[in-house]
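>>> following is a predicted model, sequence given first.
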Amino acid sequence: MNNAALLPIAPEVILLAGALIVILLLVLLDRPYREGGIVAMAALAAAAVASVLQWQALGDGADNLYFSAQGVPVPRLPMVVMDHYSAFAGVVIFVVSMLGLAVAWRLVLTLGARSAEFLTLVLLAVAGLHMMTASANMIMLFIGLETASIALYVLAGFTRERANADEAAVKYFLLGSLASVVFVYGAALLFAATGSTAFYGAGSMREFLAENIVAEPAILLLAMGLVIVGMSFKVTAAPFHQWAPDVYQGAPSGIVGLMAAGVKIAGFAALGRILFSALPSQIDDWAPALAIIAGASMIIGTVLAAVQDDVKRILAYSGVAHAGYILMAFVAGNEGIGSMWFYVTTYALTVIGVFAVVAVVSGSRSGSSPLAEWSGLSSRAPVLAWVMLIMLLALAGIPFTTGFVAKVTVFTAATDAGYLWLMILALVTTIVGLYVYFRLAAVMFLEGPAGVEEVVVPPTTALVLAVAAVTTVLLGLLPWPLLDLAREALPL
Amino acid sequence: MIDYLWVLIVLPLLGAAALIVFGKRIGDPWSGRLASALVGTAFLIAAGFTVPLVTGNGHPETVELFSWIPVLGVEVSLLWDPLAALMTLIVTGVGFLIHVYAVGYMHGDERFGRFFGYMNLFIASMLTLVLASNFVVMFVGWELVGLSSYLLISFWFVRPAASAAGKKAFIVNRIGDWGFLVALLLIFAAFGTFEFAAVFAEAPTGLTTGMATAITLLLFLGAVGKSAQIPLYVWLPDAMEGPTPVSALIHAATMVTAGIYMIARTAVLFGLAPATLTVVATVGAATALFAATLAMGQRDIKRVLAYSTISQLGYMVMAVGVTAFTAGMFHLMTHAFFKALLFLGAGAVIHAVAGEQDMSRMGGLRKVMPITFWTMVVAWLAIAGVAPLSGFWSKDEILAAAFAHGGYFVFLWAIGVVAALLTAFYMTRLMILTFGGEERWPDGVEASEAPPILTVPLVILAVLSATAGIFNTPFRLGLEHFLEPSFEGVTQQLPPAGATVVALAALALVVALVGIFWGWARYSRRLPVEEGGFWGAAVEGYRVDDWYGRLVVAPGKAMATWAAEILDGRIIDGVVNGVGGGVKSFGNSLSGTQSGLVRWYGAVMAAGTLGLLLWLLLSGGLF
């Protein structure tokens, strides 16, 4: 039974062990807040290393499917898959989470005894996120999704002293549950249509669809629609995005970056896993649906971002628009996977950096971040303002940043797949989007300073900002190393 | 070993980064010493790399560094062959001497560290240009030397003239750069690659004469800008606003020769386009003569040398135009020595007379500044073409090659001979006005010899100016032989053999001596009044700048004003503001959907889900 090997689930095991140690530390040591943080960081780093090892092991021709049993009375289908897709997702999720946790460092230290819960929840959320990308089965995917979601609901409301934090958490929970219900219903209908919950292996959805003509296409179509809706909620694609601005604004700034970036990576990866691996034969049905969602996201995200007066809300809507751009890569099917990875990865790095700046400007515990707090930032903290500008340029898709390369790759992917109208729409919203980002830049650079108090950048945040800014520019100039890796990161 | 070729570029690049950031903290004189040491080290490494090429054990090598734009097959790779080696040694060798000189010359300048940062940046950029193994990397270097040239011309940017000159140089060069860039596009269209080796291998069979002519004419336009040929030479005299070491290094010895280097590098392509070659040779000869007449009338010592540089560049362009590529590179080398020496000597003189550049207020410096004087004598005789100094051999080889090319080119040869006569004349004029006669210094100036840090580079350059001719005499074609691997598959025009070459050399020598005698007769006893007529016109550069201003700059400005005020101000801004307003009002009306109520959000989600499902079923044809 070598299919129950440890390596495929090593990242999850490491993260769970880390979460347990963090809780134990609270019992064993006096005020172990900093130590807990270090343990959590180390667990994330070890998980990233494990993912790298997975990638290398794959080069040696390792098996891909695990935790299945054939030939027993009730055949169990594979539960976990280890391929370049999951390994790449692992490295990106864990590295981004480390950066996100570094931004939250100061928040962790101010939480006192509750820091252990906080760190545990972060580790569990990250483990769930990665589980979503490494599952070979609808059931595993859903378990990962719920593990991550429930942890994130709690994190969203973690600063309980603010009423809007509670409101955000409850809102997120209620709407998230609704999305989960929709997703599960979709999974059930998929089972009904194909007789399987697995993506791979004998008797899986893929095999069934490849070998049979579906007698009841309506069920399959409804199933796909519901699954897509469930995932669209997670990645804040319109019109399933409405929770995002309220939740981002209510959740503590220190952790929003991790929430936004991590869920996007895992959500897109999981959606890709289902569509590319289990339902590749149905691309003619799901690709147009995704194109519509993509178009709606771009329009709604961009237009609503233009009229917000709170930076966190601007970024939430900007995230809606970016979800639309990333979905453009999906309509190209397998050809778009490399573009999707490149966009998701660079966007996640930029988002972590942007929310790090938000946490500095408005405080890591605070919820809202009104534009007025940003006015004249360039004279109060010039370096911070410039770093923010670099990342705004990346979000806007200006050349010499990753945002430009990412946009070009998804635009070409969509055009090559025959979705010219989507590309033109994306061009238009990108141009309108310039207004969104330059509006914030203008507030930072052209208006008078909002206050005189010094802007303090904690060292961990400074490190994150340096990483985010350097990668944004460097990978914008020399994108090929990452692009090559991204194009290799294909699902089984 | 050769894998580490990139070190040559990285060393000065690191120096540039360090000095631009920390220049102020490192200060005077250590930033200068650091910069000089880095360039000197680069020279030694380059010399080491050159040894196998000289001994004949080496062969041209391409060093691939990394892939830059894989879609277009653009690699960042370097090429080490005799042509690149020669150029690298000139750039780092002469560059090192000028760096050392500048440590003394720039002493006390407020932005001393930054100056050396820019100088190192220039060396790194120039080496990128020289060592490139494909057109794209060469273009990057080409643009970067333009940038460092701009930064250094306007180094004293508080002087309006300096910042104006910097802008002028940059803008005029843009015209040439445009030509280069379009040539690049044509090359890619024709060959599908930018690599020199692949392009040159395919060109003889795969290129039509028309395409070859178009490509080479555009490349030549680039060279005309960078190497200050008619009609784009106007930026170079103004570039003298930069500190004198900059004039010596960039605007005499190295950067301005990039055009000649580029033509020599792409000799294969030029060989396929006889029409272009005729244009090249004609422009070169015309520039050589035209600039020489302008040099005759200048009063500012640096402007004499600037026009002289343009004229000498004309000779080099003429050389490559008659396919005497080796002769062109040979003159490039000797000119680097003696023109750098002339500029550095002029710098020493200007320092001695408290910043005065007008030669009519110099004079009598021979006794006060013996070392400067005698080293400049060597340079003077070299550029005038007196045997056996270096300039004699290299200029004579160009003229002989033009003569041997025959037909129409004999006419160009004659122009070159006249220009040589004028060269000997104006250089004699410069020497006598500066060093001979009475002292006409400004009041209160106590001129004295320059310190050793200035004179030692002068002496070394003087030795090189005197002896560099031995590298390539008609008796021993050393350089010809050395450069052979770089000009493989290129038909070169060689100087004629036997009695003809001796007769031509003798004629050239006589012309040089006549020119010197003419200058001597005119200036040795008294200072003639040089006003009005030819002299007045020459001082003003024949008012070419005025004409350019009226014909090109004024319409350009009018168009820019129109674009700024009408096109951008009303039409584009109007559209943008309209769209922005539209987006905002659309957004505001959508904002109503964001009520904050969970039941409403849930309803929207449900509606969206139903809508999507309906659409899926409809498009699936199930309704």
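Thanks, I have the structure now.
>>> check which residues of stretch A:400-407 are buried.
The neighbour-count check on stretch A:400-407 (16 or more other C-beta atoms under 10 Å in any protein chain shown) flags A:401-407 as buried. Quick note: C-beta positions are derived from backbone N, CA and C, even for glycine.
>>> check stretch A:303-310 too.
A:303-308, A:310.
>>> now tabulate those residues in a markdown table and tack on pLDDT.
Formatted as a markdown table, these follow (pLDDT from 0 to 100):
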| residue | pLDDT |
| --- | --- |
| A:Val303 | 91 |
| A:Leu304 | 91 |
| A:Ala305 | 91 |
| A:Ala306 | 88 |
| A:Val307 | 88 |
| A:Gln308 | 89 |
| A:Asp310 | 91 |
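>>> which one of these is nearest B:Gly407?
A:Ala306 (70.4 Å; C-beta to C-beta).
>>> quick one: contacts for the closest one?
Applying C-beta atoms under 8 Å, 6 or more residues apart in numbering or on different chains to A:Ala306 gives the contacts A:432, A:435-436, A:439, B:580, B:583-584, B:587.
>>> could you tell me the phi and psi values at it?
Recorded main-chain torsions at A:Ala306 are phi -70, psi -20, according to degrees, to the nearest 10.
>>> and B:Leu65, by the same measure?
Torsion angles at B:Leu65 (phi, psi; degrees, to the nearest 10) stand at phi -100, psi -70.
>>> would you confirm that it contacts B:Val76?
Yes: counting by C-beta atoms under 8 Å, B:Leu65 touches B:Val76, with 4.6 Å between them.
>>> buried set for the strand or helix carrying A:Asp284?
Per DSSP states H and E: A:Asp284 is located in helix A:283-305. Going by neighbour count (16+ other C-beta under 10 Å), the buried part of helix A:283-305 is A:283, A:285-305.
>>> with stretch B:204-222 instead?
For stretch B:204-222, by 16+ other C-beta under 10 Å, it's B:207, B:211-222.
>>> rewinding a little: neighbour count: B:Leu65 and B:Val76, which is higher?
B:Val76 (19 against 15; other C-beta atoms under 10 Å in any protein chain shown).
>>> quick check, the more buried one in a strand?
Yes: assessed with DSSP: H, G, I helix; E, B strand; the rest coil, B:Val76 lies in a strand.
>>> who does it bridge with?
Beta-bridge pairing for B:Val76 (DSSP bridges): B:Phe66.
>>> specify which member of the buried residues of stretch B:204-222 is nearest to chain A.
Using C-beta to the nearest C-beta, B:Gly222 comes nearest to chain A of the buried residues of stretch B:204-222, at 24.3 Å.
>>> any idea how far that closest one is from B:Phe139?
Counting by C-beta to C-beta, to the nearest Å, the gap from B:Gly222 to B:Phe139 is 9 Å.
>>> distance from the chain centre to the helix holding A:Asp284, please.
Taking C-alpha atoms, centre = their mean, to the nearest Å, one finds the center of helix A:283-305 at 18 Å from the center of the full chain.
>>> got it, and stretch A:313-325?
With C-alpha atoms, centre = their mean, you get 12 Å for stretch A:313-325.
>>> can you tell if that stretch touches chain B?
No: shown here: stretch A:313-325 not in contact with chain B (C-beta under 8 Å from any C-beta of the partner chain), separated by at least 8.9 Å.
>>> which residues are contacting stretch B:20-32?
B:18-19, B:34, B:99, B:102-103, B:106-109, B:111-114, B:116-118, B:121.
>>> what's the burial count for residue 53?
In the absence of a named chain, this looks at chain A. Neighbourhood size, A:Leu53 [other C-beta under 10 Å]: 15.
>>> to clarify, I was referring to chain B.
22.
>>> now the one helix or strand it maps to: buried residues?
Using DSSP H and E, B:Leu53 maps to helix B:30-55. Across helix B:30-55, burial judged by 16+ other C-beta under 10 Å covers B:30-32, B:34-36, B:38-43, B:45-46, B:49-50, B:52-53.
>>> can you check stretch B:440-458 too?
B:440-441, B:447, B:449-450, B:453-458.
>>> cool, and stretch B:606-618?
B:608-609, B:612-613, B:616-617.
>>> how about the residue of the stretch 251-400 of chain A found nearest chain B, nearest residue that isn't a chain neighbour?
In the stretch 251-400 of chain A, no residue comes nearer to chain B than A:Val307, which is 3.7 Å away by C-beta to the nearest C-beta. In space, and not counting its chain neighbours, A:Val307 is closest to B:Gly587: 3.7 Å by C-beta to C-beta, 6 or more residues apart in numbering or on different chains.
>>> give the contact list for that neighbour.
Counted by C-beta under 8 Å, 6+ apart, B:Gly587 has contacts A:303-304, A:306-307.
>>> go through the residues you listed and say which is closest to B:Ser486.
A:Ala306 (58.8 Å).
>>> what residues does chain B put near chain A?
Residues of chain B lying near chain A (C-beta under 8 Å from any C-beta): B:67-68, B:70, B:579-580, B:583-584, B:586-588, B:590-591, B:593-594, B:596, B:598, B:601-602, B:604-609, B:612-613, B:615-617, B:619-620, B:622.
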